[in-house]
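In: everything below, folded, please.
(2 chains)
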Number of protein chains: 2
Amino acid sequence: MKTHIQTRREFLRTSTLAAASLPFVSAMSARAQTAAPAKKLGFALAGLGSLSTHQIAPALQKTNFCRLAGIITGHPAKAAQWKAQYNIPDKNIYDYDSMEKMADNPDIDVVYVVTPNGLHADHTIKAARAGKHVLCEKPMEVSPERCQQMIDACRAANRLLAVGYRLHFDPNHLECVRLAREKVLGSVNLIEAEYGFRIGDPTQWRLNRALSGGGPLMDVGIYALQAARYLSGEEPVSVSAVATNNDPAKFKDIEESISWQLKFPGGALASCNCTYNFNGLDRFRAFADRGWFEMAPAYGYGGLQGRRSDGKWAAFPPMDQFAAEMDDFAQCILNGQPTKVPGEEGLRDLKIMMAIYEAARTGKTISFT
Amino acid sequence: MKTHIQTRREFLRTSTLAAASLPFVSAMSARAQTAAPAKKLGFALAGLGSLSTHQIAPALQKTNFCRLAGIITGHPAKAAQWKAQYNIPDKNIYDYDSMEKMADNPDIDVVYVVTPNGLHADHTIKAARAGKHVLCEKPMEVSPERCQQMIDACRAANRLLAVGYRLHFDPNHLECVRLAREKVLGSVNLIEAEYGFRIGDPTQWRLNRALSGGGPLMDVGIYALQAARYLSGEEPVSVSAVATNNDPAKFKDIEESISWQLKFPGGALASCNCTYNFNGLDRFRAFADRGWFEMAPAYGYGGLQGRRSDGKWAAFPPMDQFAAEMDDFAQCILNGQPTKVPGEEGLRDLKIMMAIYEAARTGKTISFT
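Out: Numbers count the residues shown, from 1 in each chain, chains lettered A, B, ... in the order given. Now for the predicted structure:
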């Protein structure tokens, strides 16, 4: 265990500089000035559930550098519906067993993996082997080992791999990161972050550990974890956690709620909560030397609201987080630049989330040092 | 250790019913109807610092059942000033070495102990032995052992002992307890509670462990702990905690900030933060099945603000928490009733705070079961 932790911590430390600090702030403004290309990159969506249907496909229509070129689905009825709605040619429609044939299809440059968490590695690796770049929804997978397999597969295929951390492209969050990095209100000392909701249908895959990898931590807690990491600008040195399960019939093998605390090397603390049991948990607040700033609501697709203790919050115009995320990924591909949300960033979260689960299970603070 | 924990948990369980549940809600309304007595009870203030000067003495002027009858101070200059300002006769002015002589002074019925935490037992025991009832500021003392000595001394003298938990008399907090007990928005699942401020003068007694017993947890964190306990209506079964100290020159032997999590037997969690390092931490929010309710600011002497997710919060008129607290104690004495904030309640908090410190020190969840 000790060796494992050291490896984990070492990895966290060495890979932080590449993704979690300044690029978070600078990437959007720098890339927004790139001229629209003659040919947009073709995206194929793998998994046609609610997120693809209601967010990603509509967002693709708003992008400058992307177009919805294909779909990958195990449901023929969905394929027919999407084909009609988005005018997708039959040759660009695949199922999960035929993904390797995409290698011969120049219409498709990127596969956006929107399937259940525990299938991300399988679909990512298939896409990479077919020569496609991969944008994968969060959480990246259900274990660090599978995340590493995805990274290795994309590296071997010389394809770019990004994780769908849409809030890295939201101007409200970018502003909060700026406030933290530039110490506008002083250094950040404490981050409170929480996200949760009361989950419905007890038969959905999110309640099935094999497919989800865990409960609300994997699904929504990851946003609070992300906020703690990008507001502190550091990787945690230790974590403690407490989990509850008051409805074991519904939550058979996942947590119902989990609260955790992160300690950062610079001295800041993060105190985080997430749940599948009740609504109203949608906030972060960063307490700095001379005041605080917060987002509440913080993590939705729109309607985010920022505040500062000095009253100086300036609202940002509405935007589409998914369109910004996909355009950024397309520009990284087109310009040969690294993404600020690479597979290594997804892997970091998985390693920390596994430590959170371990802390809750053992009742012991897990140290990364 | 195991035996100690069992004893602690056993105590918490058996003493909960007496103080932390329904009496919290009902005491104020029931006693408010008692007619004002011909003779008000005489209060002597022990310790003439800021709290006595700016809050308690002015509050005494607003009470129905109390009057400022005497003072106990080690500072002759303060004695002279208070004597002049409040027309206090020389025979009612004591120092800490002459407290036993109060036994012969019928003007004084109650000693309100407002000295540094680590002197509470000494002053409480002296007052009890002089035949006086004791109202003691929070935290009750710096260790459970000393709290027990205070309880024993008052019991032996057949005098009433209460702890100055002023928020048990604030209508905003009483309303929140009502919302929780009556499950107006359903059962409470998660309580977030936090209180803190940036402490000034590094030479003050609050930064000296011998006098304070600890840092912000003992001073302001205790309010968040109290909120977690009276909003859950239960005693915790376990606690985990993380502490930081980024300024060891200033915080020589106390924590700078501490975050802790409590698990309650009914399944609720509490996630709490406190600090001496920054301002802006002054809130609790209780997340229930069908919505939330909160106070922010939550813990000050006035200006408290409640909110409900359904918008139905009804504001309460301003009141004086200290006047209500003292009048309640006077009525308990006059009517021979138990107080809802007895020494046992202060002892419970001390036991839990010691467990919070132990959890932070050892990195292990401390279980009370």
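In: just the C-alpha atoms of the host helix or strand of A:Phe43, please, in PDB.
Out: For A:Phe43, the host element (DSSP states H and E) is strand A:41-46. C-alpha atoms of strand A:41-46 as PDB (Å, rounded to 0.1, in the frame of the first residue of the first chain):
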ATOM      1  CA  LEU A  41     -13.400  18.100 -37.500                       C
ATOM      2  CA  GLY A  42     -15.900  15.300 -37.600                       C
ATOM      3  CA  PHE A  43     -17.100  14.100 -34.200                       C
ATOM      4  CA  ALA A  44     -18.800  10.800 -33.600                       C
ATOM      5  CA  LEU A  45     -20.800  10.400 -30.400                       C
ATOM      6  CA  ALA A  46     -20.400   7.100 -28.600                       C
END
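In: from the chain's centre, how far out does that strand sit?
Out: Mean-position distance between strand A:41-46 and its chain equals 18 Å (Cα atoms, centre = their mean, to the nearest Å).
In: ok, residues contacting the helix or strand following it?
Out: Going down the chain from strand A:41-46, the next helix or strand is helix A:50-51, by DSSP H and E. With contact meaning Cβ atoms under 8 Å, 6 or more residues apart in numbering or on different chains, helix A:50-51 is reached by A:Val114, A:Glu137. For glycine as for every other residue, the C-beta is placed from the backbone atoms N, C-alpha and C.
In: got the contact list for the helix or strand that helix A:50-51 is followed by?
Out: Using DSSP H and E, the helix or strand that directly follows helix A:50-51 along the chain is helix A:57-60. Under the criterion Cβ under 8 Å, 6+ apart, residues A:Phe43, A:Leu45, A:Cys66, A:Arg67, A:Leu68, A:Trp82, A:Tyr86, A:Asp320, A:Gln321, A:Phe322, A:Ala323, A:Met326 lie in contact with helix A:57-60.
In: buried ones in helix A:57-60?
Out: A:Ala57, A:Ala59, A:Leu60 (16 or more other Cβ atoms under 10 Å in any protein chain shown).
In: what's the answer for stretch A:134-148, then?
Out: Buried residues in stretch A:134-148, counted by 16+ other Cβ under 10 Å: A:134-144, A:146-148.
In: got CSV for those, with secondary structure too?
Out: Shown next, in CSV, are these (DSSP: H, G, I helix; E, B strand; the rest coil):
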residue, secondary structure
A:Val134, strand
A:Leu135, strand
A:Cys136, strand
A:Glu137, coil
A:Lys138, coil
A:Pro139, coil
A:Met140, coil
A:Glu141, coil
A:Val142, coil
A:Ser143, coil
A:Pro144, helix
A:Arg146, helix
A:Cys147, helix
A:Gln148, helix
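In: can you name the residue of the stretch 51-200 of chain A nearest chain B?
Out: Nearest to chain B, among the residues of the stretch 51-200 of chain A, is A:Asn189, at 5.1 Å (Cβ to the nearest Cβ).
In: who does the helix or strand containing that residue touch, helix- and strand-wise?
Out: In this structure, A:Asn189 sits in strand A:188-196 according to DSSP H and E. Packing contacts for strand A:188-196, counted by 3 or more Cβ pairs under 8 Å, 6 or more residues apart in numbering or on different chains; DSSP states H and E, involve helix A:222-232, strand A:269-275, strand A:281-288, strand B:188-196, strand B:257-263, strand B:269-275.
In: pull the CA atoms of that strand into PDB?
Out: Written as PDB, here are the backbone C-alpha positions of strand A:188-196 (Å, rounded to 0.1, in the frame of the first residue of the first chain):
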ATOM      1  CA  VAL A 188      -7.000  30.900  -0.600                       C
ATOM      2  CA  ASN A 189      -7.200  29.300   2.800                       C
ATOM      3  CA  LEU A 190     -10.300  27.100   2.700                       C
ATOM      4  CA  ILE A 191     -12.400  25.800  -0.100                       C
ATOM      5  CA  GLU A 192     -15.900  24.600   0.700                       C
ATOM      6  CA  ALA A 193     -17.300  22.700  -2.300                       C
ATOM      7  CA  GLU A 194     -20.400  20.600  -2.600                       C
ATOM      8  CA  TYR A 195     -22.600  19.100  -5.300                       C
ATOM      9  CA  GLY A 196     -25.400  16.600  -5.200                       C
END
